[in-house]
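Asker: Only the shape, not the letters, is given here:
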RNA sequence: GGGGGACUGGUGUAUCGGUAACACGGUGGUCUCCAAAACCGCAGCGCGAGGUUCGACUCCUCGGUCCCCCGCCA
């Protein structure tokens, strides 16, 4: 359990002159029930790549689904981030639908959370520009992800790639989110966005916390799922071999083949040990999909050979993912319905982000003054 | 600002004005709980737009991206 901060972030932000319900006003039909309009707000950005794998699913997507019951979840399909590297326009559209369908299939409920496409809410890009005025160029150039990606890039290294972290900061800050559940690899970007928020507040806030400085929440439960062909590296979309990656939408026969050909270690015992990363990974996978402690898996399969154990893991994973794939197929077939859901989410998101942007513009002295704008 | 070079599967390369080849990688199989090794299959490529030509990956023009050299400014 995390100890709550002395002044909860949402209270601090509230001091900026906005009654709490103003945030949520007009975005929640009264039929929807929430514990409190001031519950913790959680923002997650999801890359519109259709091929989510088991590691993504267990490590992130399951957390998203859980967070809509813990607070106010805002889930954004970040197509504007996706275009910072070479891409195909037609495919991008498709991948957004793929991703939306997958998230809903996994359990995100459009009635319970806000799910939308980044480019549908122009406040993201406007805030990016405004925030770029309080972002150090040198810091962006030193970002590890930028350096890695620009080195790997054979084609144009775009300015957008450099500005990526500013857009990411805008994503979160536009909603005054309190928590950003991202992995360790995003720590650097998150620190940047915290600094940007602090600098903005210091320069334009006039003593008030106009932008909420979000907390980095590293998901606590998420097991690290490793590559089946190389259990010393994380399962990833860009792995050398697809054999090591179980995709959420893989069919039963593919899942079975991949799990059966997972590399194992010498020996025959099904137990976790530093010298047995392969079997350890399979134990973690089975534990995660069964929602059982790994110890229980170990004792249950203590006498089984590797072969039988693998078959059991394969069966469990197939069963685990089957309903997701079925719901996905159903949802993905109806693009107009998906579009409708995304539009609804965008309207909800816009209502929040527009408020933040009005404050930011006002503080920065950009655009018409608020008093003039609100005159009849 | 000026000059030069490059661009071919995922990667690295080859070839040719006449149906584009090789290696590695990927993928399916045999073997193994697996993996690796080996063997047998399979898939995948001419940066883009024009032009010359009966025919262009090849020649020409323009554009794109990358690399190199020189100048200028400080």
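Answerer: Received, thanks. These numbers come from a predicted model, not from an experiment.
Asker: Beyond the host helix or strand of residue A:103, next helix or strand please.
Answerer: Using DSSP states H and E, residue A:103 maps to helix A:89-106. Following helix A:89-106 in sequence order, the next helix or strand is strand A:114-117 (DSSP H and E).
Asker: gap between stretch A:162-176 and the chain center?
Answerer: 13 Å (Cα atoms, centre = their mean, to the nearest Å).
Asker: again but with stretch A:47-58, I slipped
Answerer: 10 Å.
Asker: for stretch A:265-280, same thing?
Answerer: Worked out by Cα atoms, centre = their mean, stretch A:265-280 lies 31 Å from the chain centre.
Asker: Please apply the same query to stretch A:55-72.
Answerer: 9 Å.
Asker: now do the same end-to-end measure for it.
Answerer: One end of stretch A:55-72 sits 24 Å from the other (Cα to Cα, to the nearest Å).
Asker: helix or strand for residue A:155, which one?
Answerer: Counting by DSSP H and E, no helix or strand carries residue A:155.
Asker: do you know how far it is from residue A:86?
Answerer: When distance is defined by Cβ to Cβ, to the nearest Å, residue A:155 is 5 Å away from residue A:86. Bear in mind the C-beta positions are built from the backbone N, C-alpha and C, glycine included.
Asker: quick one: which of those two has more around it?
Answerer: Using other Cβ atoms under 10 Å, the more surrounded residue of residue A:155 and residue A:86 is residue A:86, with 10 against 7.
Asker: Count the residues that sit near residue A:350.
Answerer: 19.
Asker: residue contacts, it?
Answerer: By Cβ atoms under 8 Å, 6 or more residues apart in numbering, the contact set of residue A:350 is A:120-121, A:123.
Asker: mind running it again at 10 Å?
Answerer: A:27, A:114, A:116, A:120-123, A:174, A:357 (Cβ atoms under 10 Å, 6 or more residues apart in numbering).
Asker: Could you identify which of the residues you listed has the most neighbours?
Answerer: residue A:174 (28 neighbours).
Asker: what separates that residue from residue A:360, distance-wise?
Answerer: For residue A:174, the distance to residue A:360 - Cβ to Cβ - is 9 Å.
Asker: what's the overlap in contacts for those two?
Answerer: Common neighbours of residue A:174 and residue A:360 (Cβ under 10 Å, 6+ apart) are A:123, A:126-127, A:131, A:211.
Asker: circling back to that earlier point, of all the contacts of residue A:350, which comes closest to RNA strand B?
Answerer: Using Cβ to the nearest atom of the strand, residue A:122 comes nearest to RNA strand B of those, at 25.8 Å.
Asker: check contacts around that closest one.
Answerer: When the contact criterion is Cβ under 10 Å, 6+ apart, the partners of residue A:122 are A:346, A:350, A:353-354, A:357.
Asker: mind putting those residues in a markdown table, distance to RNA strand B and pLDDT included?
Answerer: Converted to a markdown table, the contacts of residue A:122 look like this (distance: Cβ to the nearest atom of the strand, whole Å; pLDDT from 0 to 100):
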| residue | distance to RNA strand B | pLDDT |
| --- | --- | --- |
| A:346 | 32 | 98 |
| A:350 | 33 | 97 |
| A:353 | 32 | 97 |
| A:354 | 35 | 97 |
| A:357 | 32 | 97 |
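Asker: mind putting these in JSON lines, secondary structure included?
Answerer: Shown next, in JSON lines, are those (DSSP: H, G, I helix; E, B strand; the rest coil):
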{"residue": "A:346", "secondary structure": "helix"}
{"residue": "A:350", "secondary structure": "helix"}
{"residue": "A:353", "secondary structure": "helix"}
{"residue": "A:354", "secondary structure": "helix"}
{"residue": "A:357", "secondary structure": "helix"}
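Asker: Close to RNA strand B: what parts of chain A are there?
Answerer: Proximity of chain A to RNA strand B (Cβ under 7 Å from any atom of the strand) is limited to residues A:154-157, A:229, A:240-243, A:254, A:257, A:260-264, A:266, A:278, A:305-307, A:310.
Asker: Next step: these restricted to strands.
Answerer: Using DSSP state E to define strands, no part of the residues of chain A next to RNA strand B is located there.
Asker: Apart from its neighbours in sequence, what residue is nearest whichever residue of the stretch 151-300 of chain A sits closest to RNA strand B?
Answerer: When distances are taken as Cβ to the nearest atom of the strand, the stretch 151-300 of chain A reaches nearest to RNA strand B at residue A:261, 3.2 Å away. Leaving out its chain neighbours, the residue that sits closest to residue A:261 by Cβ to Cβ, 6 or more residues apart in numbering is residue A:243, at 6.2 Å.
Asker: I'd say that neighbour and residue A:250 touch.
Answerer: No: counting by Cβ atoms under 10 Å, residue A:243 does not reach residue A:250; the two are 11.2 Å apart.
Asker: what's the overlap in contacts for these two?
Answerer: Common neighbours of residue A:243 and residue A:250, counting by Cβ under 10 Å, 6+ apart, are A:257-258.
Asker: who's more crowded, the two?
Answerer: residue A:250 (21 against 16).
Asker: The more buried one in helix, strand or coil?
Answerer: coil.
Asker: What are the phi and psi values at residue A:266?
Answerer: Main-chain dihedrals, residue A:266, degrees, to the nearest 10: phi -70, psi 160.
Asker: Tell me how many other residues crowd it.
Answerer: Considering only other Cβ under 10 Å, residue A:266 is surrounded by 7 other residues.
Asker: Could I get the full set of strands for chain A?
Answerer: Using DSSP E, strands in chain A cover A:41-46, A:72-77, A:114-117, A:179-180, A:215-216.
Asker: And the helix holding residue A:103, what's buried?
Answerer: Residues of helix A:89-106 classed as buried by neighbour count (16 or more other Cβ atoms under 10 Å): A:95-106.
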